[in-house]
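**Student:** this one's sequence-less:
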């Protein structure tokens, strides 16, 4: 089918590239041929029925192919994937080819699916090329075994046969988006456009940070107020802060469900289509009746609770002990007279370095464990991966502050630390994650072009290699003048943006700094707002200009982050009450009380606040009334349709 | 239609009575006529299209009518009410008249709907006779105003024009059920039969008490074990008890969702049909598009949070103060020398009497408030009513024990009190609620028959009144030999069983006794099991023989009770840790610790346990996998049917 269309439409008419695949330099000819054939072959033969062109030899030392599809094919796939669209009456529903005219005019057909939707569809099709029963290993690599139903491309990525697989930016669209987004510091973010371009996952993060920053205005005002009133009133402010945190999380949950309804992702469940790396034997799906990989859920549970959970706890305790050690060594050094300052601070510096290294190792470990647990859907996978990472990050980011607050009980040091972390480190972070990579890339591009000129002789031999490879595969080349070639190479060198994990983590840590110690450092909220205003635009810039375009991903909520933030907010009740009980201004008021009574007051206050949180949680419904109503209406309609269908079938049988 | 059927089938063929209505003795003729006409009139004229017969004059001094319907009419109504039945393939789904043959054979048609279903349908129809726009008051009573859409029968019940409305027992079925239920002390309860006869609400209560009693076996064994080991191990036992309580509640939630799925009630929402007493203007329902009373939900919220909640708290504080007063007066009396014992105990006795009186008043108050809040569905109404009642009962039942445990700190007195409450009071309770009313009724029946013979002259005049009334209405009389006449009169004198509120309350109080103070009185669980084994059979006997047959009610969970039990179980963590910190055996082990440190240990333990509870809560899913799968499958099928329907409609338009 591919070849037929090619001849008819000519080479210049190759539709926009949706996914670019960069193969390993050393790929065997037979493997490359096999993979490209898989992508282009008919669906019933186990292929993906997509269109493929490769870079002409001489542009790069690796084989790079562009994958695309005709608009009509994409529409058909979108129907299969149950893409939801708003019809002409404004109802969001799964569109079907038969009633395409209900959704768009003939003129708008090409733009009916957004580029991010098209990229998602193509990527989905590539990922869903699964090993057939007679394919027990990757062609040409007998050691790289495959099981029936495994995603071949994901296996090749894992083994390094495919180096990269990424979608391309739409340069005009990203320029337009950027102008309305990272170039305007104080304006509302263009949420709809972000979603259309980057997909739900990224859009949700920016919605979250926007919502969170606005919710910080309350604590900021409280912080300023606190500076001018009597220090004995600190208890009232702490309580108000705790209430702020609780309300923010409750209302964010509601906001999430609103967004999920509007985006059509609210009905996502763990029974949705499995992620490409999900391992299982092919079988009939219990919900849809389609042929999909199946694996029993209880195995995942056993792995999670019997292996992963204990291991994660061991790692957490390990990190905790290392922290204690660094404090202990520092203490020991201080007791030795005449120790130079740089030696005293050495343990802290070494500890900071260790944290960085441990984080790198632990992240790979967590990824490995979660992959091994074999979660069915991407949401489940993300949730359990994030849970593991967050637990570890919690120890690294907060334990030393807890040590200062409750063991050393040095509130000035705590305040100093918080100020440093919130003001200096966050600023450095922003520079490091958005500005620095951009500058570096500009320089490295220049450097690379210089080097490539100097070493043209070695390139020549590679050129011939590539030429042979292309001939062996028999795939057509793109026009050498095609601008996509340069774009693909440039964007291929950019860093990959997997998911907003790091961005959420930054907010998580900041949330902790602001709320856990608000009784000691009420100005934290102000600095958090200050940072976030810049952070939003930095992150936006980073996504638009620094990173490869991420593939759009559907999400219905912030998943594990919601719980992580909730846990922090619960913990903030405990820490703030504990800090209040240590507060000198309050202590001077209650000096005639017995220590037990003094203690009891704050334990009582804490329990009261925890109780109030629970009541607030019950009193505020998860979903706004209109979302519940709309869902109920949808369910009712569907149920009626099913009833009618059964009735009709019965009448026909009679 | 009614009259037509009557003539054809004759009087003897009046189908079984489903609902009996007893009017006020002083009802005006025109009102009685109006009401009976409403019941029999055609639906499109605002009636219920049901069949009616009255008792022949001379049996009772009130007008009593029997309401019934033909089987075919009932089937039609069942379809409208979306009654779910298992079809021949074993699938539970809403049946339709067109495919009746898919569900039952022609022979089984009469028994296809159970009597409780038929009673529910008939009662639903009677309750749904709603005031039309031109009916602004009850006929004959200009002061008793009606608003459009109000349930006329509920208004008549409220104003006392109708004295009672109750379904009749099916004597053969109840005898069979009883033989398998209350006559077998140690056998599994016949849950399915209970549901068929009494409906979901009652069946769920018996499932609950069964499940709860089994869950108590763990704590019972722990209690026995605790008696033989070192008293210092009490902390371990307390922790295990807390874990037991948590697991019980988590697994009960799962069990609930299983039952709700099997019973077809799992999809009940607050958008279901409103309860008869729901006040609102008639309007198009946003979900179903049917004409139903509508009222904005926010008004209910405002009433709940701004009026009811503060009032309930005031009542709770009032009850608390009265408790404190009774303790204070008792203390004062003890300080006066030579006070006789009966005077010292007088405050306790008066307090007990006051609790009883307050409960009676408060219950009416809570009913009034909840009715005034105007909740849409019966489940919502029950939930908010139960919440109000439970809060008050909590103060009455537990506050004095808290006072003894934590203010007086007299553990022997606490243990003595708990033993009395669990052993003596529960036994008395069982006798009082099942055996006593039964005995009393037997006697009062004899007494009544004696009295009725003696005062036959006054009855004669009443007889003539009734005769005139019957003539005025023009309703046909039942055959004087019909056994239903005597049955209706006998059951009319029985007490009404509204809902299992009192039964749940007993379990709630017992749950508190067992778990709140398990660190002090570990034998509580044993006595609770001992009581429950009897309680189950007493409650069964009570339902079958002592009370009027309750109308079957659909429920999907234990509603407010789940939260109430959860709150108690959370509180039990706090109380047990507090009791442990006061435990002399433990104190002797930690006598060299500072009081703050000692205190800190138990606060830490408490937080740890609360954290574990939260983790258990997250780790155990609300619904078992198979229920989630079955629901997902159902949703998927319905969604596909809807998609097909829309597509077909689109094709037809083309």
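**Tutor:** Yep, that arrived. Given the structure is predicted, the values throughout are model-derived calculations rather than measurements.
**Student:** what number of residues lie near the residue of the stretch 101-250 of chain A at minimum distance from chain B?
**Tutor:** Closest to chain B within the stretch 101-250 of chain A is residue A:102: 6.2 Å, counting by C-beta to the nearest C-beta. Where C-beta positions appear, they are placed from N, C-alpha and C, glycine not excepted. Using other C-beta atoms under 10 Å in any protein chain shown, residue A:102 is surrounded by 18 other residues.
**Student:** quick one: it and residue B:612, what's the gap?
**Tutor:** Separation of residue A:102 from residue B:612 (C-beta to C-beta, to the nearest Å) stands at 53 Å.
**Student:** do you know how far the residue of the stretch 101-250 of chain A closest to chain B is from residue B:649?
**Tutor:** According to C-beta to C-beta, residue A:102 and residue B:649 sit 10 Å apart.
**Student:** which SSE is immediately downstream of the helix or strand containing residue A:323?
**Tutor:** Using DSSP states H and E, residue A:323 maps to helix A:309-335. Going down the chain from helix A:309-335, the next helix or strand is helix A:341-373, by DSSP H and E.
**Student:** so that following helix, near chain B or not?
**Tutor:** No. Applying C-beta under 8 Å from any C-beta of the partner chain, one finds helix A:341-373 separated from chain B by no less than 14.2 Å.
**Student:** can you give me the buried ones in that helix?
**Tutor:** By neighbour count on 16 or more other C-beta atoms under 10 Å in any protein chain shown, the buried set for helix A:341-373 is A:344, A:346-347, A:351, A:354-355, A:358, A:362-363, A:365-366, A:369-370, A:373.
**Student:** check stretch A:423-439 too.
**Tutor:** So, applying 16+ other C-beta under 10 Å, buried residues of stretch A:423-439: A:426, A:429, A:430, A:433, A:434, A:437.
**Student:** among those residues, which two are most distant?
**Tutor:** With C-beta to C-beta as the measure, no two of the buried residues of stretch A:423-439 lie farther apart than A:426 and A:437, at 17.2 Å.
**Student:** A strand includes residue A:153, no?
**Tutor:** No. Counting by DSSP: H, G, I helix; E, B strand; the rest coil, residue A:153 falls outside a strand, being helix.
**Student:** circling back: report the angle between the helix holding residue A:323 and helix A:341-373.
**Tutor:** Between helix A:309-335 and helix A:341-373, the angle comes out at 180 degrees (axes from the mean of the first three to the mean of the last three C-alpha atoms, to 10 degrees).
**Student:** taking chain A, what residue is nearest to chain B?
**Tutor:** Of all residues in chain A, residue A:638 sits closest to chain B, at 3.6 Å by C-beta to the nearest C-beta.
**Student:** list the contacts for the closest residue to that residue other than its chain neighbours?
**Tutor:** With C-beta to C-beta, 6 or more residues apart in numbering or on different chains as the criterion, residue A:638 has its nearest non-adjacent residue at 3.6 Å, and that residue is residue B:638. Residue B:638 is in contact with A:635, A:638, A:639, A:641, A:642, counting by C-beta atoms under 8 Å, 6 or more residues apart in numbering or on different chains.
**Student:** what's the weakest-modelled helix or strand in chain A?
**Tutor:** Of all helical and strand segments in chain A, the minimum by mean pLDDT, DSSP states H and E falls on helix A:2-9, at a mean of 40.
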